[in-house]
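*Asks:* Below are the sequence and a predicted model for it; my questions follow.
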Amino acid sequence: MRDAVIVQAVRTPIGKGKPGGALAGVHPVDLLAHALRALIERSGVDPSLVDDVIGGCVDQVGEQAMNTTRYAWLAAGFPDSVPAVTVDRQCGSSQQAVHFAAQGVMSGAYDLVVACGVESMSRVPMWSNVPPGADPFGPGLAARYPEGLVPQGISAELIAAKWSLSRERMDAFAAESHARAAAADFTTELAPLAGLDRDESIRPATTPDVLAGLRPAFADPGYAARFPQIDWSVTAGNSSPINDGAAAVLITTSETAARLGLRPLARLHGFAVTGSDPLLMLTGVIPATEKVLRRAGLRLDDIDLFEVNEAFASVVLAWLQETGADPAKVNVHGGAIALGHPLGASGARITTTLVHAMRERGARYALQTMCEAGGLANALILERPR
């Protein structure tokens, strides 16, 4: 079987996903087009050689409807002969795009492919694709879960309760995320846009004491009665914010890379997807990690760097407890709590950050995993060429 390697990875800075955010004035098509344009320019490849463009986006409605990936490619000025598709695996959408792209290369369906993602949460708010009064789940699901599923914030609270994660511990984790992000140098992976050359949500002055003053974000009397074990410790400070951003990754084979004069940054070594309890919803990263390691024939100790998406501090802390991974190897440049979480872009953003961190730190193996709405998770393992 052929291999699949990443030869370039780039992202926009991440803006605050609200009116007045630095990227709020940028249409999502143009936001993704900027990342695609930077990717092709930095790689130096002829864009007509790209076999497909696979993009992730979650709220595919309004300005993010009609196959945003296709129109972003055209908006970037690239050949209309290159096709594109937009996929949705919730928060893992663009990580799934990376999986699909690499699997297509390995199978021989593609020689050169772009995996990317975008979300403009300032212009297309979360749940915009579910009109008021609409039921996206249907009677069959309601019959299976008669007490009802819950929003992600409640799932994060249930995880904190199940793994006995204190408010203090989650706030300390969140403060460390900001400290690591503030200390990191993202210059090589960023393509500045609209006057923004850094991630807008990082707060260098954040401390556990500051975070301790925030109120619980999801406290609700009805859920309190249903789940008395919850102590309401999840806040806006120990959760990821709402953001705008885009990222793009160029994937090919080692043979094609050599022919085109491209230097591989990392080989895509293994993939896994898994489902998990849709009530807890966000714990799939635990079995996904075990599954991808098993498929790759590796142990946890073989991994030099981990990226576990910080949708909520409780998710990463529960993952740490279950896996026993070294916290010093996890989200070394901070995570979504500090950098931001532009839903459809986050998977490719994390891959971009990870391949650059591997090169900077001389890591051989790195593992990326993301929790996703509905009780899903993706995991992949990257290997840096020797």
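*Replies:* On my side now, so go ahead.
*Asks:* Would you map the helices across the stretch 1-150 of the chain?
*Replies:* For the stretch 1-150 of the chain, the helices defined by DSSP state H, counting those that start in this stretch cover 28-43, 68-75, 93-107, 139-144.
*Asks:* and if you look at the stretch 201-350 of the chain?
*Replies:* Under the criterion DSSP H, counting those that start in this stretch, the stretch 201-350 of the chain contains helices at 208-212, 221-226, 254-260, 285-296, 313-323, 336-339, 346-361.
*Asks:* Out of those, which gets nearest to Pro146?
*Replies:* For Pro146, the closest of those is helix 221-226, at 12.3 Å, according to C-beta to C-beta. For every residue, glycine as well, the C-beta is placed using N, CA and C.
*Asks:* Could you say which of the helices of the stretch 201-350 of the chain is packed most deeply?
*Replies:* helix 336-339 (a mean of 30; mean count of other C-beta atoms under 10 Å).
*Asks:* pLDDT of that one, averaged?
*Replies:* The pLDDT scores in helix 336-339 average 98.
*Asks:* got it, and stretch 275-282?
*Replies:* Here the average pLDDT along stretch 275-282 is 97.
*Asks:* Flag every buried residue along that stretch.
*Replies:* By 16 or more other C-beta atoms under 10 Å, the buried positions in stretch 275-282 come out as 276, 278-282.
*Asks:* Met121: which of those residues is nearest?
*Replies:* Checking these one by one against Met121 (C-beta to C-beta), the nearest turns out to be Leu282, at 18.7 Å.
*Asks:* Quick one, which of the helices of the stretch 201-350 of the chain gets closest to Val61.
*Replies:* Closest among the helices of the stretch 201-350 of the chain, using C-beta to C-beta: helix 346-361, at 18.6 Å.
*Asks:* Please pull up the helix or strand immediately following the closest one.
*Replies:* Toward the C-terminus, helix 346-361 is succeeded by strand 365-372 as the next helix or strand (DSSP states H and E).
*Asks:* Please name the strands paired to the following helix or strand past that following strand in the sheet, noting orientation.
*Replies:* Per DSSP H and E, the first helix or strand lying C-terminal to strand 365-372 is strand 376-383. Its sheet considered, strand 376-383 pairs with strand 266-275 (antiparallel), strand 365-372 (antiparallel) by DSSP bridges.
*Asks:* quick check: angle from strand 376-383 to helix 346-361?
*Replies:* Note on geometry: by axes from the mean of the first three to the mean of the last three C-alpha atoms, to 10 degrees, strand 376-383 and helix 346-361 are set 30 degrees apart in direction.
*Asks:* May I have the distance across stretch 356-374, first residue to last?
*Replies:* Length of stretch 356-374, first residue to last, C-alpha to C-alpha, to the nearest Å: 31 Å.
*Asks:* could we number from 36 for the rest of this?
*Replies:* Fine by me, first position is 36 from now on; the one you just mentioned is stretch 391-409.
*Asks:* And the average pLDDT for it is what?
*Replies:* Stretch 391-409 comes out at a mean pLDDT of 97.
*Asks:* Stretch 218-234 too?
*Replies:* Average pLDDT, stretch 218-234: 98.
*Asks:* Can you dump the C-alpha atoms of that stretch in CSV for me?
*Replies:* Extracted C-alpha coordinates of stretch 218-234, given in CSV (Å, rounded to 0.1, in the frame of the first residue of the first chain):
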residue,chain,number,x,y,z
ALA,A,218,4.5,31.4,25.2
ALA,A,219,4.3,29.6,21.9
ASP,A,220,5.5,30.9,18.6
PHE,A,221,3.0,30.1,15.8
THR,A,222,4.7,32.2,13.1
THR,A,223,5.5,29.3,10.8
GLU,A,224,2.0,28.0,10.7
LEU,A,225,0.0,31.3,10.5
ALA,A,226,-1.2,33.1,7.4
PRO,A,227,-2.2,36.6,8.9
LEU,A,228,-5.5,37.9,7.7
ALA,A,229,-7.5,41.2,8.1
GLY,A,230,-4.8,42.7,10.2
LEU,A,231,-4.8,39.7,12.6
ASP,A,232,-1.4,38.0,13.1
ARG,A,233,-2.1,36.1,16.4
ASP,A,234,-4.9,34.1,18.0
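*Asks:* Buried deepest among the strands paired with strand 411-418, which one?
*Replies:* In terms of average neighbour count - mean count of other C-beta under 10 Å - the standout among the strands paired with strand 411-418 is strand 400-407, at a mean of 28.
*Asks:* what's the nearest residue to Asp115 if we skip its chain neighbours?
*Replies:* Nearest in space to Asp115, with sequence neighbours left out and distances taken as C-beta to C-beta, 6 or more residues apart in numbering, is Leu109 at 6.2 Å.
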